[in-house]
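**Q** Sequence first, then the predicted structure:
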Amino acid sequence: QAHLAESGGGLVQPGGSLRLSCAASGTFFSIGTMGWYRQAPGKQRELVASITSDSSTNYADSVKGRFAISRDSAKNTVYLQMNSLKPEDTAVYYCFATVVLLGGGRTYTAWGQGTQATVAS
């Protein structure tokens, strides 16, 4: 099983930046795709960005050009650099990872507990 620990949320003014981190720990064979969803009050959870094990990336249209996802596979860690933040980026950000289990290759999706990012003046 894997445990995902997130960090880096907080309060920032519009136009500012935040960097989120998410580290996977536990007992597993490997980590595949990692990424971030977010959920704003009263809205559905949406995919923000994802990165595969070979570092192919995918972004929501709303964050393209402003956010950058990266990973350190040796540390099973994914990062989300968020620049030019807008009030509409305010949400709880959830990290996810596709975990490949030992002995057989079964996979499941692990989730972090969420970290709040608030963009306000």
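**A** Structure's in. What do you need? Numbers count the residues shown, from 1 in each chain.

**Q** which non-adjacent residue is nearest residue 43?
**A** Leaving aside its sequence neighbours, residue 43 sits nearest to residue 91 (C-beta to C-beta, 6 or more residues apart in numbering; 7.9 Å). Backbone N, C-alpha and C define where each C-beta goes, glycine included.

**Q** My read is that that neighbour contacts residue 36, right?
**A** No - between residue 91 and residue 36 there is no contact under C-beta atoms under 8 Å: 10.0 Å.

**Q** if you count what's nearby, which of the two comes out ahead?
**A** Summary of the neighbour comparison: residue 91 and residue 36, criterion other C-beta atoms under 10 Å, with residue 36 having more neighbours (28 against 23).

**Q** how close does that one get to residue 114?
**A** Computed with C-beta to C-beta, to the nearest Å, the distance linking residue 36 and residue 114 is 10 Å.

**Q** One more: residue 100?
**A** Spatial separation of residue 100 from residue 114 under the definition C-beta to C-beta is 24 Å.

**Q** Run through the strands of the protein in chain order.
**A** When secondary structure is read from DSSP state E, the chain shows strands at 2-7, 10-12, 18-26, 30-39, 46-51, 57-59, 67-72, 77-82, 91-100, 107-111, 115-119.
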